[in-house]
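[1] this one's sequence-less:
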């Protein structure tokens, strides 16, 4: 069964920065990590000028959303303090300037409410929270007050054991239950522009990741756009037995499969290649009927 065959009606638009953004076609979100220890970029863009150059490159390659992160959550990550994370994000947003910020929707990857609040004031449009409000009880109020889109991710652990494997009775059902509960909580505080992320690579075994991935369309029951973030992750590298630097082909294979099964947003390191995948998907979709 493909996503188009489902009986569940999925929300097909978000209001972002006062503009109606529709999912008539999948969106590509380019990753801009400005941490010192990201698992793939490895601090290449922690320097302000290099981060600006990378922002321009992602835009040129076709990113419609740029996801800025100043706190690594890779396995074994070091936790920064709130002030340090805020300073990095706000400094970059200020350095980018208004003209650049108009070229894409700006997402900030943070689980801290104060970082989110300051980032939104500095020009960000979206908050991408790996904890879905679990790590900071003030986050829901921040996004509710700002009336900004909010990306919530499934994980099943504390901040310090995000990557600890969890034994699931049924990883698909439990992921759906978590995300549905969080979406309902958000609706009760007036947040309706919500995107769900299954959380590939977080508190899941390799088999859990693939079991969830092959059942991605089941998440349509929640009725919200689905973001997939598998770019160069270990669920790719462990299968192809190559390092993340050589995992582009494997990543692209999963990206196309994700789109065929209902994903609306691809969160990627390699924007140009993801845009190509979207084009192939669009052609497959347009010629699927005899």
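    Alright, I've got the coordinates. The structure presented is a predicted model; accordingly, all values stated were derived computationally and were not measured.

[2] Can you check what pLDDT the model gives residue 290?
    Residue 290 is assigned a predicted lDDT (pLDDT) of 67.

[3] Tell me where the model's unsure across the protein.
    For the chain, applying pLDDT under 70 flags the ranges 1-9, 37-46, 73-78, 158-160, 163, 289-290.

[4] got the buried residues for the longest helix belonging to it?
    Identified as the longest helix of the chain according to DSSP state H is helix 82-101. If you call a residue buried by 16 or more other CB atoms under 10 Å, then helix 82-101 has these buried ones: 85, 86, 88, 89, 90, 92, 93, 96, 100, 101. Just so you know, the C-beta spots here come from the backbone N, C-alpha and C atoms, and that holds for glycine as well.

[5] Of those residues, which pair is most distant in space?
    85 and 100 (21.0 Å; CB to CB).

[6] number of nearby residues for residue 119?
    The tally of other residues near residue 119 (other CB atoms under 10 Å) stands at 30.

[7] From residue 265, how far out is it?
    Distance of residue 119 to residue 265, given as CB to CB, to the nearest Å: 19 Å.

[8] Next, format the buried residues of helix 82-101 as JSON lines and append distance to residue 71.
    Below are those laid out as JSON lines (distance: CB to CB, whole Å):
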{"residue": "85", "distance to residue 71": "5"}
{"residue": "86", "distance to residue 71": "10"}
{"residue": "88", "distance to residue 71": "9"}
{"residue": "89", "distance to residue 71": "9"}
{"residue": "90", "distance to residue 71": "14"}
{"residue": "92", "distance to residue 71": "13"}
{"residue": "93", "distance to residue 71": "15"}
{"residue": "96", "distance to residue 71": "19"}
{"residue": "100", "distance to residue 71": "22"}
{"residue": "101", "distance to residue 71": "21"}
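
[9] Can you tell me which of these lies closest to residue 48?
    Nearest to residue 48 among the buried residues of helix 82-101 is residue 92, at 6.5 Å by CB to CB.

[10] can you pull the contacts of that closest one?
    Applying CB atoms under 8 Å, 6 or more residues apart in numbering to residue 92 gives the contacts 34, 48, 51, 52, 68, 70.

[11] Likewise for residue 69?
    Contact analysis of residue 69 by CB under 8 Å, 6+ apart lists 31, 32, 33, 34, 35, 38, 108, 109, 110.

[12] sorry, back to before: let me know the next secondary structure element after the longest helix of the chain.
    Next helix or strand after helix 82-101 toward the C-terminus (DSSP states H and E): strand 105-109.

[13] This structure: strands as residue ranges?
    For the chain, the strands defined by DSSP state E occupy 13-16, 19-22, 27-33, 65-69, 105-109, 126-129, 150-153, 194-197, 227-228, 265-268.

[14] Turn those into JSON lines, including distance to residue 285.
    Formatted as JSON lines, those follow (distance: least, CB to CB, whole Å):
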{"stretch": "strand 13-16", "distance to residue 285": "18"}
{"stretch": "strand 19-22", "distance to residue 285": "15"}
{"stretch": "strand 27-33", "distance to residue 285": "15"}
{"stretch": "strand 65-69", "distance to residue 285": "21"}
{"stretch": "strand 105-109", "distance to residue 285": "23"}
{"stretch": "strand 126-129", "distance to residue 285": "25"}
{"stretch": "strand 150-153", "distance to residue 285": "24"}
{"stretch": "strand 194-197", "distance to residue 285": "20"}
{"stretch": "strand 227-228", "distance to residue 285": "17"}
{"stretch": "strand 265-268", "distance to residue 285": "15"}
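
[15] Of all the ones you listed, which one is nearest residue 142?
    Residue 142 lies closest, by CB to CB, to one member of these: strand 126-129, at 7.4 Å.

[16] Need the contact partners of that closest one.
    Strand 126-129 has contacts (CB under 8 Å, 6+ apart) with 16, 65, 67, 105-111, 116, 119-120, 139, 142-143, 148-153, 197.

[17] Quick one, which of those are buried?
    In the contacts of strand 126-129, burial by neighbour count holds for 16, 65, 67, 105-111, 116, 119-120, 139, 142-143, 148-153, 197, counting by 16+ other CB under 10 Å.

[18] Residue 282 is in contact with residue 24, isn't it?
    No: taking contacts as CB atoms under 8 Å, residue 282 lies outside contact range of residue 24: 9.9 Å.

[19] Settle it for me: which of these two has more neighbours?
    Set residue 282 next to residue 24 and count neighbours by other CB under 10 Å: residue 282 wins out with 14 against 9.

[20] which non-adjacent residue is nearest the more buried one?
    Spatially, and ignoring its direct neighbours in sequence, residue 282 is nearest to residue 25 (6.1 Å; CB to CB, 6 or more residues apart in numbering).
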